[in-house]
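[1] Return a 3D structure for these sequence lines:
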Amino acid sequence: MILAPVLLAILPAADAGGFLFREGSHWMYSAKVEYTLPNSNRTRSATINWEMAVVMARNEDSLSASVVLGWVDQLPWFEPGLQPAESLAVREDGRVFVVSPQGESARELYGRGPPAWREAIKNLEPVLVFPLHVGAHWGSDAAGRVDGLYRWNVESASRQSVRGVGPATVFRLRYQTMPDHQILDLAPETGVVGYVYDHHGTVSHVDLRLLSFQGPSQ
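    Here you go, the predicted structure:
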C-alpha cells in the first residue's frame, strides 16, 4: 500500500477508538517481515498476508469489549508459521487496552463480563488513548523522562490516500525505547492502516500495510 500525502494541515482531535469494537469489521494486510534464525545470526525475510477482524463486541457497564483477531503486536519477533490469534480489547473512558489472556481464551474472558475485564486491564498501559491530537502522549514508563522515550507519542496528522479506503485523515503514533521502536498509522474511521516494528539489535523487522478494509455493514 502507498500512503500518499495529499494535504498537510493542522487537524482537529479525532475519536477513533470505536474501530476495535465494531463487530464484523475485517482488515487484510501485506507485511514484510525480517527475522533472525534461532541460535544463529542469520536472517531471513518474507512477505506474508495478515488478517485482523473484530469477531464479537458488546457494551456493558460503561465498558466496551471485543474479541479481536490478529492485533498487530503479534508480528514482532515473527517466526514462520505464525497465525493471527485472538485478544480481548477493552475500552474505558477513551483508553483502549489489548489483553492477551493467560490461562484462558480471549472468548472466555470476554464471556465473564465487566468485572473480569476491569481486573484484566488494571495493571496494563493503554495502547491507544482518545481523542487523538498531535502532541498527545501516554505511558507511565516515561515518568520523569524529557526525551519522549518509553511512551506513545502522536507525532503527526495528515490527509492521505489510503489503499482500500480512499482519502482519509491518518495519525502517526510512535513508541520508541532504547532497544526498539514501533510506528502505528491510524485512520479514525478505518483503524490501523500501517504498522512498523524495528529492533535495534537482533534483527526483527515488520512493515505492515493495509490491502483492504470491510466495515460491519458491508
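
[2] Now do the buried residues in the host helix or strand of residue 98.
    Remark: residue 98 resides in strand 95-99, with elements defined by DSSP states H and E. Buried positions in strand 95-99, judged by neighbour count with 16 or more other Cβ atoms under 10 Å: 95-99. (Glycine included, C-beta is placed from N, CA and C.)

[3] Show me what it is packed up against.
    Counting contacts by 3 or more Cβ pairs under 8 Å, 6 or more residues apart in numbering; DSSP states H and E, strand 95-99 packs against strand 86-92, helix 114-121, strand 128-129.

[4] In CSV: those, plus distance to residue 148 and mean pLDDT.
    Output for the helices and strands packed on strand 95-99, formatted as CSV (distance: least, Cβ to Cβ, whole Å; pLDDT from 0 to 100):
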stretch, distance to residue 148, mean pLDDT
strand 86-92, 25, 97
helix 114-121, 25, 98
strand 128-129, 16, 94
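
[5] How far off centre is stretch 106-113?
    For stretch 106-113, the distance between its averaged C-alpha position and the chain's averaged C-alpha position is 21 Å (Cα atoms, centre = their mean, to the nearest Å).

[6] which residues touch that stretch?
    Outside of stretch 106-113, the residues within contact range by Cβ atoms under 8 Å, 6 or more residues apart in numbering are 55-56, 60-61, 65-68, 86-88, 99-101, 116-117, 120.

[7] Just list whatever residues bridge to the residue nearest to residue 202 when sequence neighbours are not counted.
    Excluding the flanking residues, the one nearest residue 202 by Cβ to Cβ, 6 or more residues apart in numbering is residue 36, at 5.3 Å. Residue 36 has these beta-bridge partners by DSSP bridges: residue 43.

[8] So residue 31, which state does it fall into?
    strand (DSSP: H, G, I helix; E, B strand; the rest coil).

[9] Test of understanding: give the bridge partners of it.
    Beta-bridge partners of residue 31, counted by DSSP bridges, are residue 48, residue 208.

[10] quick revisit: so which of the helices and strands packed on strand 95-99 comes closest to residue 30?
    Shortest separation from residue 30 across the helices and strands packed on strand 95-99 is recorded for strand 86-92, at 21.2 Å, computed as Cβ to Cβ.

[11] where exactly do the strands run in the chain?
    Secondary structure of the chain by DSSP state E: the strands cover 4-8, 26-36, 43-60, 63-69, 86-92, 95-99, 128-129, 137-138, 152-162, 166-176, 180-187, 191-199, 204-214.

[12] Contact partners for the residue most central in space within the chain?
    What sits nearest the mean C-alpha location of the chain, by Cα atoms, centre = their mean, is residue 72, with 5.2 Å. By Cβ under 8 Å, 6+ apart, the residues touching residue 72 are 50, 52, 184, 192, 195, 208.

[13] Since that was my last question, I'll sign off now.
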